[in-house]
Each structure stands twice: as structure tokens, then as C-alpha cells.
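# A structural model of the following input is requested.
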Amino acid sequence: MKRKTQLMVLFLGLLFVPLFGIGSHSIDPPKTKTAILHVYRPLKFAGFGWVFKLQANGEKIASVKNGEHLTLELAPGMTKFNIKKRTIEINLEAGKSYYLRTYLIRDGFVGNIELIEVTESFARSELEIE
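Predicted coordinates for the structure are as follows:
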């Protein structure tokens, strides 16, 4: 008889806790206040010694070496990225990831730097990230 009473109390307790919210609090996942920027430069023989200086809104935020992949956290908002004379503007949103690819284009004896935004799937395939 005592066992039946214990089971009944346990059952009623499990029934009423969700109804009245006792002991169950939903916690929203933390909201990130930054955007994630992935900047990479594929490993190539051409221009292997050059180091590209990436700027955001006129301030240097990273140096990108040949074959390097950097992950940066940035404040959201309209941001102008540039390397040398190549510029790209992105409206960064908090909690989202963006991918910039920089590389060197050989043009005779002179090389030109490129800076483009690519999709996540393209970047992952090129970087072999899972």
C-alpha cells in the first residue's frame, strides 16, 4: 500500500510540475552580438611571399599570408573591406558568418590582388572544412 501511495505522489508531481511551471524555466540561447568573418587565401606558388593587409573601414584588422585561413569576430553593420585597391562592402549581421577569399592574379610580371565574397559551401570545399 505504501508503494502505491509513493507512485501516486510521484505521478501527480510529474503531472503538476509542467502545468504550473515549477522547476521548469526555459532559457533562450545566448544571442551573439558579433558577426563571424572567415578570410582565406589559397596556397599558391605565385606571390607566395606577399602578405596582404586586410582593412575594415580603413583600419588594419589582419595580415593574410599565403595558404592562411583566419576567423575574426566583428561588430555588425555596413563594413567596407579592402586589400590594396580592391574593396568590397558587406552589411554584417550579428550571428551570421561571411567568407572572403583573397588571391593573386598573375598579369605578366605584375600580380593583382583580388578580394571577393564567396559562399560558405565554396569556401568549405576549397579549404576542405567539414
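# Can you spell out which residues form a bridge with Y40?
H69, R101 (DSSP bridges).
# That one: neighbour count?
By other Cβ atoms under 10 Å, the residues close to Y40 number 21. Every C-beta, even on glycine, is put in place using the N, C-alpha and C of the backbone.
# Also L74?
For L74, using other Cβ under 10 Å, the count is 18.
# quick one, helices of the chain?
All helices of the chain, identified by DSSP state H, fall at 2-20, 120-127.
# Which one of these has the poorest average confidence?
Among these, helix 2-20 has the lowest mean pLDDT, at a mean of 45.
# quick one, what contacts the residue lying closest to N57 once chain neighbours are set aside?
Excluding the flanking residues, the one nearest N57 by Cβ to Cβ, 6 or more residues apart in numbering is K80, at 5.5 Å. Contact analysis of K80 by Cβ atoms under 8 Å, 6 or more residues apart in numbering lists A56, N57, G58, T87, I88, E89.
# and the fourth one, bridged to which residues?
Beta bridges link T87 to N82, judged by DSSP bridges.
# just to revisit the earlier point, farthest-separated two in the contacts of K80?
G58 and I88 (14.0 Å; Cβ to Cβ).
# between these two, who's got more neighbours?
Ranked by neighbour count (other Cβ under 10 Å), G58 and I88 place I88 first, with 13 against 7.
# do you know how far the more buried one is from Y99?
Going from I88 to Y99 by Cβ to Cβ, to the nearest Å gives 11 Å.
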